[in-house]
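1. just need the structure, nothing else, for what follows:
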Amino acid sequence: MIAISVIICTHNPRKDYLDRVLDSLRVQTLPQDQWELLLIDNASVEPILNRWDLSWHPAARQIREDELGLASARLRGIAEAGGGLLVFVDDDNVLAPNFLAEAQRIGHEWPMLAVWGGSVIPEYETEPPSHLREYLRGIAYVDVKSPRWSNVLGSPGVWVNGGGMCLRADVAAAYRQHYDNSDLRLTGRSGHDLISGEDREICNVACGLGYGVGLFPELLLTHLIPRWRIGEQYLVRLIEGIETSLMLLEFKWNGILPRAPYSGVELLRLLKHVSIRRGVDRRMYMARRRAMRRARAMIREVLQLGIGSS
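-> Alright, predicted model coming up:
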């Protein structure tokens, strides 16, 4: 009986990284007859179907999803999955050998939880420049020392990243319905667009249904980070995408509009910060202001609220 569906979502994967991801799954301690493997090719320029040999797994499938976007890929995985527990794995996530066994155990021992994850430890291809280290929080990095959980919407410190997320199938189905019915959709990263937030929305759906969200030190994955993802240009774009997503979530779930970036108060703040900030610090600040403008534009366009252009 299939208990777990492992869903790998990939777009133009780097071969050595995806090889390591699959190798980590091949040595899982959980017997292979208890889990299935779904490799979702999300609109890769060169289709990856049959480029990776999955014959080592008795219940492996490769699936093409042509609608670009991480949310679309995960939704396709949800639709195709047969397990009662889903585990999302990105194409740069190397799971510890006991990850699936621990995910299953936690599911049995913590029935009040619908979403859970664990530590995400970065492995950099090259050492990050010292002046950019404080901004690397935008790349998934979580160090869990002891179990923690909450069933309160928006509780800090217990959000589960999409890579390594463990999700009960009934809540995954509820998220899929929520997404289909939403006017304002968190599509996840789509090619060069770094908007995210679909993982946080899954947590919101779980809490809205009365479940909890948790983090556990027993769940460990390594996040492979190429050199181009620690460059200043990419990190500025990443921060803009993350901030835009957070503002969209605040509006969608709490009804809070992003601040108007060119109101009198905000213009005074802009002048103050530009005068005292330099280099990458200034670029990050301006990225956040662009995020305010973009989030307001998206809300106005999608929901036609007429909130003004200031």
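2. am I right that residue 8 is in a strand?
-> Yes. Membership of residue 8 in a strand is supported by DSSP: H, G, I helix; E, B strand; the rest coil.
3. elements contacting whichever strand or helix holds residue 94?
-> Assigned by DSSP states H and E, residue 94 falls within strand 93-95. With contacts taken as 3 or more Cβ pairs under 8 Å, 6 or more residues apart in numbering; DSSP states H and E, strand 93-95 sits against helix 15-26, strand 212-225. Using the backbone N, CA and C atoms, a C-beta is placed for each residue, glycine as well.
4. show me what that strand is in contact with.
-> 20-21, 23-25, 28, 89, 123, 163-164, 220-224 (Cβ atoms under 8 Å, 6 or more residues apart in numbering).
5. okay, the helices and strands packed on strand 93-95 in a markdown table with mean neighbour count and mean pLDDT next?
-> Formatted as a markdown table, those follow (neighbours: other Cβ atoms under 10 Å; pLDDT from 0 to 100):
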| stretch | mean neighbour count | mean pLDDT |
| --- | --- | --- |
| helix 15-26 | 17 | 98 |
| strand 212-225 | 21 | 97 |
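6. out of those, nearest to residue 118?
-> strand 212-225 (2.6 Å; Cβ to Cβ).
7. pairing partners for the closest one, with directions?
-> strand 93-95 (antiparallel), strand 113-124 (parallel), strand 148-150 (antiparallel) (DSSP bridges).
8. residue ranges in this protein under the pLDDT threshold?
-> The chain contains residues with pLDDT under 70 at 1, 138, 140, 261-278, 303, 305-310.
9. may I ask you to name the longest helix in it?
-> If you go by DSSP state H, the chain has its longest helix at helix 279-303.
10. please, where are all the helices along the stretch 1-150 of the chain?
-> Remark: helices assigned in the stretch 1-150 of the chain by DSSP state H, counting those that start in this stretch are 15-26, 70-80, 99-109.
11. show me what the longest helix of the chain is packed against.
-> Against helix 279-303 (3+ Cβ pairs under 8 Å, 6+ apart) you get helix 232-254, helix 264-276.
12. got the contact list for stretch 18-34?
-> So stretch 18-34 is contacted by 1-4, 6, 8, 10, 35, 37, 52, 54, 56-59, 89-101, 104, 224 (Cβ under 8 Å, 6+ apart).
13. narrow those to just the buried residues.
-> Buried residues within those, defined by neighbour count using 16 or more other Cβ atoms under 10 Å: 3-4, 6, 8, 10, 35, 37, 52, 54, 57, 59, 89-96, 98-101, 104, 224.
14. ok now the strand holding residue 94, how far from the chain's centre?
-> 14 Å (Cα atoms, centre = their mean, to the nearest Å).
15. skipping adjacent residues, who's closest to residue 169 in space?
-> residue 84 (5.1 Å; Cβ to Cβ, 6 or more residues apart in numbering).
16. who's in contact with that neighbour?
-> Applying Cβ under 8 Å, 6+ apart to residue 84 gives the contacts 3-4, 168-169.
17. with distance to residue 42 added, can I get these in a markdown table?
-> What follows is the contacts of residue 84, written out as a markdown table (distance: Cβ to Cβ, whole Å):
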| residue | distance to residue 42 |
| --- | --- |
| 3 | 25 |
| 4 | 21 |
| 168 | 23 |
| 169 | 21 |
